[in-house]
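Peer 1: Any chance you could fold what I've pasted below:
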Amino acid sequence: AADKINLIPQDFFAELCEQVIQHLNRRIPGVNTIELCQRLQTSGIEINVGDLAKIASTFSFLFSTAARSNLSTEELVTALGNAVRTLPKHAIQVVRHVWNEQGKSFSVSEDERNMATVGQFIDISWKLGVAMSSDTCRSLKYPYVTVTLKVADPSGQITNKSFEMTVPQFKNFFRQFKEMAAVLETV
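Peer 2: Take a look at the predicted model:
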């Protein structure tokens, strides 16, 4: 991962680390590696989303471990320097700065340490489509609904999950949401 971190400019790496800390503090639902990767690629940096997600996961683990161990900025930087000799100097400077600024507010309660994490819903979008024909059938005229869920997995990586449903499946899906809403009204 250190060779990929070398490719990332300091300001982008700082933004990635800040998003990781914000996610760990539950201020944002996840780290938007897709958007950050697109911006990096637009500025001419050759990196893929998978590599950026691995870097985000690595630093998420680093910061959460440092919080659980109540490490000071210097203890974190020393431990990082001892463990990863090939980490670029700008990355260590960013970690020092981000942990110094935001590490103080980062707390992990005992309940959070023991709690199993699950993903978090961010957004939903849908569209209605009609399959007009295929190579085996000239006239389908078959309506369907495509639903896209934007979710943050437990590590904070934001992904889109898409699926298609027939109209009867969508009506059942909608009915179940109405039932959930009715139950929530009673709480």
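Peer 1: who touches stretch 44-63?
Peer 2: 1, 4-5, 7-9, 12, 16-17, 19-21, 23-24, 31, 33-34, 36-37, 40-41, 76, 80, 95, 99, 103, 106, 155-157 (C-beta atoms under 8 Å, 6 or more residues apart in numbering). To be clear about C-beta, it is placed using only N, CA and C from the backbone, and glycine gets the same treatment.
Peer 1: Report the central residue of the protein.
Peer 2: Gln157 (2.0 Å; C-alpha atoms, centre = their mean).
Peer 1: so that residue touches Pro29, yeah?
Peer 2: No - if you go by C-beta atoms under 8 Å, Gln157 and Pro29 don't touch, sitting 10.5 Å apart.
Peer 1: Return the helix or strand in the chain with minimum mean pLDDT.
Peer 2: Every helix and strand in the chain was compared by mean pLDDT, DSSP states H and E; the lowest is helix 110-114, with a mean of 46.
Peer 1: What distance do you get for Thr78 to Thr33?
Peer 2: Counting by C-beta to C-beta, to the nearest Å, the separation of Thr78 from Thr33 is 28 Å.
Peer 1: for Ser43, same thing?
Peer 2: 15 Å.
Peer 1: These two: who's more crowded?
Peer 2: Thr33 (26 against 9; other C-beta atoms under 10 Å).
Peer 1: How confident is the prediction for that one, by pLDDT?
Peer 2: pLDDT, Thr33: 88.
Peer 1: Contacts only, for it.
Peer 2: Counting by C-beta under 8 Å, 6+ apart, Thr33 touches Leu16, Val49, Leu52, Ala53, Ala56, Gln157, Ile158.
Peer 1: neighbours around the third one, how many?
Peer 2: By the measure other C-beta under 10 Å, the count of residues near Leu52 is 24.
Peer 1: any idea how far it lies from Thr159?
Peer 2: Distance, Leu52 to Thr159, using C-beta to C-beta: 13 Å.
Peer 1: what do you get for Ile21?
Peer 2: From Ile21 over to Thr159 the distance is 20 Å, taken as C-beta to C-beta.
Peer 1: thinking again about what came up before, which members of the contacts of stretch 44-63 occur in helices, if any?
Peer 2: Assigned to helices by DSSP state H, the following of the contacts of stretch 44-63 qualify: 4-5, 7, 12, 16-17, 19-21, 23-24, 33-34, 36-37, 40-41, 76, 80, 95, 99.
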